[in-house]
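In: Okay, here's the prediction I keep looking at, along with the sequence it came from:
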Amino acid sequence: MIPVAFEYFRPQTINEAVGLLSQKEDVKILAGGHSLVPAMKFRLAQPKTIIDISRIADLSYIRETNSQIHIGAMTTHHLLESSDLLRQKCPLLSETAANIGDVQVRNRGSIGGSLAHADPAADWPAAILALEAELLISGPNNQRTIKATEFFVDIMQTALQPNEILTEIRVPVTSKSVAYVKFAQKASGFAIAGVASWIDKSKNSVRVGITGIAAKPYRATAVEQALEGRPLSADAISQAARKAVQGADPLNDMHASSAFRAHLAEVNTRRSLELANSR
Ligand code: FAD
């Protein structure tokens, strides 16, 4: 189908984009377009105005600053997958990026677009939650920072206001003890159960982010607490993984029943933690 007619703007700066967001009615930001354009073609989204942020150079970068990695929201999955800096300093992001869709999707799709879209089957949220990322948001009057745990509100809903742009993602430099394990939907590659783990061996502490299971991605805090300060034996990991859906409400749809999703969450949590622990 052909989308309904819309006004199109291509700002060169973040300020210009934020200004347009406030001036125009019924606006949508266009990043890589790999989620928004299909929604417009199906007429599930019918914005009157499109603000294309894909040419804003200040939104595409990967930098290290004070033991943190700063990533521009428009950075593509491909750039994240192929970044030497990330492979060395935050390998969970390279590994996650490599799991997304196919080459075409990775070449166009952006990390910011994926997070803002908040598809419950998207891959990025698992890693972003496990890494305790901070997200930088620009609005008409100020910039604000929000924790990843507060960003995802519900199915396809985030804490972003209609006149705000997600501009940057900040994650810590980590060791190599990380892993992302997913059970993918066969046709698209989207996650039916994706589990990201980060083990800080110096503190005997683990962080687990889970996507695909529930309406919104979540930190598996019951799993984390079960392992906090304990030696990570195979038995301890296996016991803790049983808590993977504690507090979550697994989805039931044509791709997987809620019981199957709960099973996959446990299995992938165990596998993800074992893999991270072996690295
Ligand atoms: P767009 O489609 O341009 O935008 C998505 C939404 O976010 C829109 O509502 C837009 O207004 C908003 N938005 C975009 N950027 C910002 C911003 N900076 N601030 C505020 N709002 C913003 N994803 C996976 O995770 N795993 C997969 O395996 C996977 N497989 C795919 C397979 C196919 C065939 C396709 C088409 C997509 C797949 N995707 C997958 C989705 C892909 O990763 C998209 O790129 C991503 O979801 C959206 O990113 P985008 O840059 O294309 O955003």
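Out: Good, I have the coordinates.
In: quick one: is stretch 81-93 near the ligand?
Out: No. Stretch 81-93 stays clear of the ligand (CB under 6 Å from any ligand atom), getting no nearer than 11.8 Å. In this view, the C-beta of every residue, glycine as well, is placed from N, C-alpha and C.
In: Using CSV, write out every CA atom in stretch 112-124.
Out: Output of stretch 112-124 as CSV, limited to C-alpha atoms (Å, rounded to 0.1, in the frame of the first residue of the first chain):
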residue,chain,number,x,y,z
GLY,A,112,17.9,5.1,18.5
GLY,A,113,15.1,4.2,16.1
SER,A,114,14.9,0.7,17.5
LEU,A,115,14.8,1.9,21.1
ALA,A,116,12.3,4.6,20.4
HIS,A,117,10.0,2.2,18.5
ALA,A,118,10.1,-0.1,21.5
ASP,A,119,9.0,-3.2,19.6
PRO,A,120,8.7,-5.9,22.3
ALA,A,121,10.7,-8.3,20.0
ALA,A,122,13.5,-5.9,19.3
ASP,A,123,17.0,-7.0,20.3
TRP,A,124,18.7,-3.8,21.6
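In: That one: how far from the chain's middle?
Out: In this view, stretch 112-124 has its centroid 5 Å away from the chain centroid, taken as CA atoms, centre = their mean, to the nearest Å.
In: what's the model's confidence in it, averaged?
Out: Throughout stretch 112-124, pLDDT has a mean value of 97.
In: tell me which parts of the stretch 151-279 of the chain are close to the ligand?
Out: So the stretch 151-279 of the chain meets the ligand at 160, 165-166, 188-190 (CB under 6 Å from any ligand atom).
In: Out of those residues, grab the one that's most surrounded.
Out: Leu166 (27 neighbours; other CB atoms under 10 Å).
In: neighbours of the residue nearest to Arg270 when sequence neighbours are not counted, just the number please.
Out: Spatial nearest neighbour of Arg270, chain neighbours left out: Ala241 (3.8 Å); criterion: CB to CB, 6 or more residues apart in numbering. When neighbours are defined as other CB under 10 Å, Ala241 has 24 of them.
In: so where do the strands sit in this protein?
Out: 7-9, 27-30, 49-52, 62-65, 68-72, 134-138, 143-147, 152-154, 157-158, 165-172, 178-184, 191-200, 205-211, 218-219 (DSSP state E).
In: What residues of the first one count as buried?
Out: Neighbour counts over strand 7-9 (16 or more other CB atoms under 10 Å) mark Phe9 as buried.
In: So that strand, near the ligand or not?
Out: No. Using CB under 6 Å from any ligand atom, we find that strand 7-9 stays clear of the ligand, coming within 13.0 Å at best.
In: mind listing what that strand pairs with, with the direction of each?
Out: strand 49-52 (parallel) (DSSP bridges).
In: count of neighbours near Asp123?
Out: 28.
In: What residues does it make contact with?
Out: 96, 99-100, 114, 180, 182, 190-191, 194, 211 (CB atoms under 8 Å, 6 or more residues apart in numbering).
In: CA atoms only for stretch 209-228, dumped as PDB, please.
Out: Output of stretch 209-228 as PDB, limited to C-alpha atoms (Å, rounded to 0.1, in the frame of the first residue of the first chain):
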ATOM      1  CA  GLY A 209      18.200  -7.900  30.300                       C
ATOM      2  CA  ILE A 210      15.400  -9.800  28.600                       C
ATOM      3  CA  THR A 211      13.500  -9.000  25.400                       C
ATOM      4  CA  GLY A 212      10.800 -10.700  23.400                       C
ATOM      5  CA  ILE A 213       9.100 -12.300  26.400                       C
ATOM      6  CA  ALA A 214       6.800  -9.600  27.700                       C
ATOM      7  CA  ALA A 215       5.000  -6.500  26.500                       C
ATOM      8  CA  LYS A 216       8.100  -4.500  27.500                       C
ATOM      9  CA  PRO A 217      11.700  -5.600  28.000                       C
ATOM     10  CA  TYR A 218      12.900  -6.000  31.600                       C
ATOM     11  CA  ARG A 219      15.800  -6.600  33.900                       C
ATOM     12  CA  ALA A 220      15.600 -10.100  35.400                       C
ATOM     13  CA  THR A 221      16.300  -8.800  38.900                       C
ATOM     14  CA  ALA A 222      15.300 -12.100  40.600                       C
ATOM     15  CA  VAL A 223      18.000 -13.900  38.600                       C
ATOM     16  CA  GLU A 224      20.500 -11.100  39.400                       C
ATOM     17  CA  GLN A 225      19.700 -11.200  43.100                       C
ATOM     18  CA  ALA A 226      20.000 -15.000  43.200                       C
ATOM     19  CA  LEU A 227      23.500 -14.800  41.900                       C
ATOM     20  CA  GLU A 228      24.700 -11.600  43.700                       C
END
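In: All set now, cheers.
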